[in-house]
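S.K.: Based on what follows, work out the 3D shape:
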Amino acid sequence: MNENTYRFLAIYQTLATTLVGAALALFVGYRKWGLDAATAQRGVIGLLILATVVAAFTITLMIVGVIAWVDYRNEECDITDEIVAVGFRKRPQIANFSRWYETYVLLFILVSLAVMWLLAGVFLLPAMN
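M.R.: Down below sits the predicted model:
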């Protein structure tokens, strides 16, 4: 699961950086390219929506991975209860989510996405007149 989480994070970081870079390029060059401000604003919003979709996909993959791990671990505990001894391995507790690094990766994705939208709404879109 560790490898998958890092892979998903790398995909998110790469695509989010590319999409936000494209939005900034659109912000900087829309006048030179002969685009009107409304079209450029819609383009920036469209790129941010794509970044949001990438974030949602990444978060979904990570949540499914955590659910699969919990299921796998419960099956492992069932087997060790039968073969070794009852209670040999502790079952996973969802209440321990604050100890999982996936929690902080998910928070990073959500915070970075919120910051992208906030900065675009406060600085980029109003400046495109």
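
S.K.: What distance do you get for residue 56 to residue 49?
M.R.: As judged by C-beta to C-beta, to the nearest Å, residue 56 and residue 49 stand 10 Å apart. Using the backbone N, CA and C atoms, a C-beta is placed for each residue, glycine as well.

S.K.: How about residue 84?
M.R.: Counting by C-beta to C-beta, the gap from residue 84 to residue 49 is 51 Å.

S.K.: next one: residue 83
M.R.: 51 Å.

S.K.: Make sure residue 127 is actually in contact with residue 24.
M.R.: No. Here residue 127 does not reach residue 24: they are 11.7 Å apart, not a contact under C-beta atoms under 8 Å.

S.K.: These two: which is more packed in?
M.R.: A count of neighbours by other C-beta atoms under 10 Å puts residue 24 above the other of residue 127 and residue 24, at 14 against 10.
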